[in-house]
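**Student:** The sequence isn't on hand, but the structure is:
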Ligand code: F6P
């Protein structure tokens, strides 16, 4: 990803003088690059003379009044750190009328004029409801490893998660080949097969199983038996967590083929670690744009990137979206196997 000159041309065209302080929070599952986004928001806001309050543990911190002042120095040395310095949580209380009301009262008490919310579709829904019911304006940034948000080609953290999974799968492949085994590798993605598909392509896996598409186990097992008869000794099969359990799939394969099959669940390791360059740059661009939007009076928006250009949509439209190239990925994988 390159940093486009056009981003600079989107600088604030007029200042919204009513905005003096913004709040920032991270919500839902953390993703690598959230810290880079926090840094960008804080420093852009400071550049324009705005104050920033960080809210700890997402919407929970709004309700519990867990606010900390953030300045230029508070975000030093975090651009390369995984996780989120603000911590994050999933909040059931924020779904209640009482929770929304308390959160709004706390923001008014701290004179916070607008919020930047970094998270996934649930966090976006929360921000939209917060505006509709309590009149608190927000701008959303896509922070999730799942890459399943409408209005953006990439979410912050997704590329890092893919690289992390690939690193592990490459290692498993070494032992799979040496021990002549079949391996089923479970990656994250409860409702989205995006990580699984990218990882399967990048790792040269033979098969991928995702929630978006019905999978034919019979076909796979017949192919494995046929391949084995011709001398093929190892297979890598990637499964998204939402499509089934790796343990069950491994057992099915052993039963249907008679070949030794093991499984690995990568789990939360994919959520951590140093963000890759793409995620740092994306987070930094989007963080600055969020402040620009607030200052330009463009509130209740979600900011993303489409074809490497900044893309802004209404927060109310920023729902979950399904990856539209599942069939193409399958075709590619099957062709190369
Ligand atoms: O943040 C997205 C995600 O990592 C999904 O891929 C996964 O299904 C889910 O969060 C796991 O959530 P938790 O950390 O609450 O178990």
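**Tutor:** Arrived safely. The structure displayed is predicted, hence computed values, not measured ones.
**Student:** contacting residues for the residue in the chain positioned nearest to the ligand?
**Tutor:** Closest residue of the chain to the ligand, CB to the nearest ligand atom: residue 29 (2.3 Å). In this view, the C-beta of every residue, glycine as well, is placed from N, C-alpha and C. Residues in contact with residue 29, defined by CB atoms under 8 Å, 6 or more residues apart in numbering, are 88, 90, 120, 144-145, 271.
**Student:** contacts with the ligand among these, please.
**Tutor:** Near the ligand, judged by CB under 6 Å from any ligand atom, the entries from the contacts of residue 29 are 144-145, 271.
**Student:** who wins for most neighbours among the residues you listed?
**Tutor:** Each of these was scored for neighbours by other CB atoms under 10 Å, and residue 145 scores highest at 31 neighbours.
**Student:** Could you measure from that one over to residue 271?
**Tutor:** Going from residue 145 to residue 271 by CB to CB, to the nearest Å gives 6 Å.
**Student:** Name the residues contacting each of those two.
**Tutor:** 29, 31-32, 157, 161, 188.
**Student:** May I ask which two of those are separated the most?
**Tutor:** Using CB to CB, these reach their maximum pairwise distance at 32 and 188, which is 12.5 Å.
**Student:** joint contacts of these two?
**Tutor:** 145, 161, 271.
**Student:** mind pulling up the phi and psi values for the last one?
**Tutor:** Looking back up the chat, that one is residue 271. phi -90, psi -10 (degrees, to the nearest 10).
**Student:** switch to numbering from 290
**Tutor:** In the new numbering, first residue 290, that becomes residue 560.
**Student:** Residue 321 is in contact with that one, correct?
**Tutor:** Yes: using CB atoms under 8 Å, residue 560 is in contact with residue 321, at 7.4 Å.
**Student:** State the distance from the closest residue to residue 504 other than its chain neighbours to residue 626.
**Tutor:** Once flanking residues are discounted, residue 504 sits nearest to residue 498: 4.7 Å by CB to CB, 6 or more residues apart in numbering. Distance, residue 498 to residue 626, using CB to CB: 14 Å.
**Student:** buried sites along stretch 527-545?
**Tutor:** 527-533, 535, 538-539, 541-542, 545 (16 or more other CB atoms under 10 Å).
**Student:** just stretch 594-612 next, same as before
**Tutor:** 594, 597, 599-602, 604-605, 607, 609, 612.
**Student:** pLDDT (mean, whole number) over stretch 555-571?
**Tutor:** Mean pLDDT, computed over stretch 555-571, is 98.
**Student:** Could you check which of residue 321 and residue 477 has the larger neighbour count?
**Tutor:** For the pair residue 321 and residue 477, the greater number of neighbours falls to residue 321 (31 against 25), based on other CB under 10 Å.
**Student:** Just say helix, strand or coil for that one.
**Tutor:** Three-state call for residue 321 (DSSP: H, G, I helix; E, B strand; the rest coil): coil.
**Student:** I'd guessed it sits against residue 452; true?
**Tutor:** No: using CB under 8 Å, residue 321 makes no contact with residue 452, being 9.4 Å away.
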